[in-house]
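Visitor: Provided below are the primary sequence and the corresponding predicted coordinates.
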2 protein chains.
Amino acid sequence: MKELLYIDRIKNILSDSSYLGDDCAYFSSDIFKNKGLFVTQDSLVEGVHFLIDYITPYQLGQKSMNVNLSDLAAMCAKPVFVTISLSLPSTINENFVDDFYRGVNEVCNQYDIVVAGGDITASDKVYVSICAVGKSIMKYSVSRSYAKSKDVVAVTGVHGDSAGGLRLLCEKRKINKALIDTHLNPSAQIIKSQLLAQAASHNFAMMDSSDGLGDALYKLSVASNVKMNIDFQNVPVSKDLKDVFPKDYKNLVLWGGEDYQLVFCMSLNDFEKLDNKKFFKIGVVEETNSNPAVYINDEGKNVIINEQTFLEKSYNHFYTKEDKR
Amino acid sequence: MKELLYIDRIKNILSDSSYLGDDCAYFSSDIFKNKGLFVTQDSLVEGVHFLIDYITPYQLGQKSMNVNLSDLAAMCAKPVFVTISLSLPSTINENFVDDFYRGVNEVCNQYDIVVAGGDITASDKVYVSICAVGKSIMKYSVSRSYAKSKDVVAVTGVHGDSAGGLRLLCEKRKINKALIDTHLNPSAQIIKSQLLAQAASHNFAMMDSSDGLGDALYKLSVASNVKMNIDFQNVPVSKDLKDVFPKDYKNLVLWGGEDYQLVFCMSLNDFEKLDNKKFFKIGVVEETNSNPAVYINDEGKNVIINEQTFLEKSYNHFYTKEDKR
């Protein structure tokens, strides 16, 4: 089927296709109301980020959107529009495209987002690349470099479930639906990001945990040049994960990745305005006289994330057989 | 090599890497100065849009940029920033990434564009997807649907050379460097787009000829519901193309694609303000009482592009062996 016939089908699926039709989409300055804009782009590649036998086209549409919206959430930005590049083997039929865009449209409706353009091309594997643009919703700003001494270190939810679900899928052991669903249907923390924006009375540090909790904590430490003391017992972990992976769950919590939660460092005063059923304190920020590092206390046992352990453990899509994860 | 090490190398290559470092890049509203913004995204896939043996990484960086900037040029938008998603087989080394980004940076410097983000992931084939954002540079607007009766139909340059160069590469006949260079190093018509914006005294119709001149003419006719009369003898064609492909050059001019010129319909009054060495009148727009169509007169012989011929001829990345081009 030709690209232009695909585009006609996609226009019929999207709730708002009014921005499609020219070489570019146009947004008048009104839509940003003199607010700054945020932009991010991330890709999902078949065989690297997902396995085509384990995810439906609808789920892939939803997940591709949420992966990108998570980066907007990490900056307290409200999503406004996306552009979507989809590449497909010629063996895939138009129902795949329809279902993919139904998944995209579901997320668009949830947060009032417009699909503003993109393309469909041929390829050997399924490949999705989305650019997401959002606008500012608070007068303070967010950066990885804003963590400071005495800040609370906190997260928006459980870690490790997505990686646990992925492992079950890869091992063809579909023994826990909750873990698998978390992997296939992640949700960007758009709503909690908006609650954080309301609570903030100054700039604060945040990023998402797309590459794992350990990765996020260490990157925040380095960008802010601070030390963090984390109490592992305060990190929210699901009973499912502990039950299915009793020996290895701590590794999945810290280094599994694809959690799409928010990890942030904020003054105690602002943190206490938040609902403690939705936001979880896991540690504190301290000054450092030496290198940035994350000290994780786990029932008296200490684990340190420094440059060396980070490079060994951190998420890497380029691993080869010789690499260790 | 890990994504974060790649990112460090890329930061060293880019003239301005100040927008990289957080989950999203942020642009204050000042950068758009209350102008509307334009957005577009296009991808280049190894084996579909380019052959890795025939294009250098540097050329691929330049071409990926120009393909996207061409869509901004088609809307008279000034490029402001891009995000870039690059996927690579693990067999490709870091020199590829360095050279690719040197090519990107060359184009950024040419038009004062910032790389605002993106990602690097693994994949089986090289895959590039760029989202380009620009701002308005005139008070009138451009759309495919704005062509009207008595408008001049015009182009910014020669057509067919890129497809001729591609054919030579595919047939391993490197007998004409000019054609091959046009294919490997296209230039978006950013400067001519700005000249058009200066000449315009009202809205006008335009698109780029990325999918071929015939494709652009027919799409403009359909979107504007008009008829076009084109004199093929007035379409700029290079002597190289006629010499190398004496029998088939007309087909390459109309349907070859990847020309990245601008095709526009504008009042005679505005058109006459333009330099006739840079902009070429190839026909006129007429009202239609029946279906939109393009009538091409070639030394007394008439060719009609209507819905049927368009679907047969138009550019299709999804063609299979059974399809006819």
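Guide: Yep, that arrived.
Visitor: residue contacts, A:D22?
Guide: By C-beta atoms under 8 Å, 6 or more residues apart in numbering or on different chains, the contact set of A:D22 is B:74-75, B:142-144, B:207. To be clear about C-beta, it is placed using only N, CA and C from the backbone, and glycine gets the same treatment.
Visitor: repeat that with 6 Å
Guide: B:143-144 (C-beta atoms under 6 Å, 6 or more residues apart in numbering or on different chains).
Visitor: and chain A, what are its domains?
Guide: By the record's domain assignment, chain A is partitioned as A:3-136, A:144-313 (automatic domain parsing).
Visitor: dump those domains into TSV; add mean pLDDT and distance to B:E94 as well.
Guide: Shown next, in TSV, are the domains of chain A (pLDDT from 0 to 100; distance: least, C-beta to C-beta, whole Å):
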stretch	mean pLDDT	distance to B:E94
domain A:3-136	92	18
domain A:144-313	96	16
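Visitor: deepest of these, which one?
Guide: domain A:3-136 (a mean of 21; mean count of other C-beta atoms under 10 Å in any protein chain shown).
Visitor: how far does that one sit from the chain's center?
Guide: Centre-to-centre, domain A:3-136 and its host chain are 15 Å apart (C-alpha atoms, centre = their mean, to the nearest Å).
Visitor: of the domains of chain A, give the one that comes closest to B:T288.
Guide: domain A:3-136 (19.7 Å; C-beta to C-beta).
Visitor: just to revisit the earlier point, okay if I get the domains of chain A as a markdown table plus distance to B:V237?
Guide: Below are these laid out as a markdown table (distance: least, C-beta to C-beta, whole Å):
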| stretch | distance to B:V237 |
| --- | --- |
| domain A:3-136 | 24 |
| domain A:144-313 | 50 |
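Visitor: residue boundaries of the strands in the stretch 201-325 of chain A?
Guide: Using DSSP state E, counting those that start in this stretch, the strands found in the stretch 201-325 of chain A span residues A:205-208, A:227-231, A:262-266, A:280-286, A:293-298, A:301-305.
Visitor: to chain B, which of those strands lies closest?
Guide: strand A:205-208 (5.5 Å; C-beta to the nearest C-beta).
Visitor: if we can go back for a sec, could I get the strands of the stretch 201-325 of chain A as JSON lines with distance to chain B?
Guide: Conversion of the strands of the stretch 201-325 of chain A to JSON lines gives the following (distance: least, C-beta to the nearest C-beta, whole Å):
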{"stretch": "strand A:205-208", "distance to chain B": "5"}
{"stretch": "strand A:227-231", "distance to chain B": "18"}
{"stretch": "strand A:262-266", "distance to chain B": "10"}
{"stretch": "strand A:280-286", "distance to chain B": "18"}
{"stretch": "strand A:293-298", "distance to chain B": "16"}
{"stretch": "strand A:301-305", "distance to chain B": "14"}
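Visitor: could I get the ones you listed as TSV with distance to B:V48?
Guide: What follows is the strands of the stretch 201-325 of chain A, written out as TSV (distance: least, C-beta to C-beta, whole Å):
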stretch	distance to B:V48
strand A:205-208	32
strand A:227-231	46
strand A:262-266	37
strand A:280-286	46
strand A:293-298	43
strand A:301-305	41
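Visitor: which of the domains of chain A sits closest to B:R173?
Guide: Per C-beta to C-beta, nearest to B:R173 of these: domain A:3-136, 25.0 Å.
Visitor: quick one: which of the domains of chain A is nearest B:F245?
Guide: domain A:3-136 (25.2 Å).
Visitor: got the end-to-end distance for stretch A:34-48?
Guide: Distance across stretch A:34-48, first residue to last, is 39 Å (C-alpha to C-alpha, to the nearest Å).
Visitor: need the three-state assignment for A:M138.
Guide: coil (DSSP: H, G, I helix; E, B strand; the rest coil).
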